[in-house]
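1. Below are the sequence and a predicted model for it; my questions follow.
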Amino acid sequence: MSIIGTIFVGLIVGLIARAIKPGDDKMGWIMTILLGIAGSLLAGYAGVAMGWYQQGEAAGWIASIVGAIILLVLYGLIRKR
């Protein structure tokens, strides 16, 4: 996937994850994109570890959103301290 495609997917995944998770997560556009990309990477890594995906296979949309929500929850826990 091209870098523009990665940024676009990261933005969509990050926006959906922020909309699903309750609370006020004050993030800008760049942090939302990075959240979506990191969520996709987390989902891909976990999927390979659990045998859901083959090595090098991209994670699905739902798994990417779940990964981004997990990262948002962890970010909220760290930010409170």
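-> On my side now, so go ahead. Residues are numbered from 1 along each chain as shown.

2. quick one: the helices in the chain?
-> All helices of the chain, identified by DSSP state H, fall at 3-20, 29-50, 61-80.

3. and the ones you listed as CSV, adding mean neighbour count and mean pLDDT?
-> C-betas here are computed from N, CA, C, even on glycine. Shown next, in CSV, are these (neighbours: other Cβ atoms under 10 Å; pLDDT from 0 to 100):
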stretch, mean neighbour count, mean pLDDT
helix 3-20, 17, 89
helix 29-50, 18, 88
helix 61-80, 16, 88
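
4. Need the residue closest to the centroid of this structure.
-> Computing the C-alpha centroid of the chain and ranking residues by Cα atoms, centre = their mean puts G39 first, at 2.1 Å.

5. Starting from G56, give me the distance back to it.
-> In this structure, G39 and G56 are 18 Å apart, going by Cβ to Cβ, to the nearest Å.

6. do G28 as well
-> Remark: distance between G28 and G56 (Cβ to Cβ) = 31 Å.

7. correct me, but G36 touches L11?
-> Yes: using Cβ atoms under 8 Å, G36 is in contact with L11, at 6.1 Å.

8. Model confidence for M1, exactly?
-> Note on M1: pLDDT of 65.

9. Quickly note the distance from the residue lying closest to G60 once chain neighbours are set aside to G28.
-> Spatial nearest neighbour of G60, chain neighbours left out: A43 (7.6 Å); criterion: Cβ to Cβ, 6 or more residues apart in numbering. Distance, A43 to G28, by Cβ to Cβ: 23 Å.
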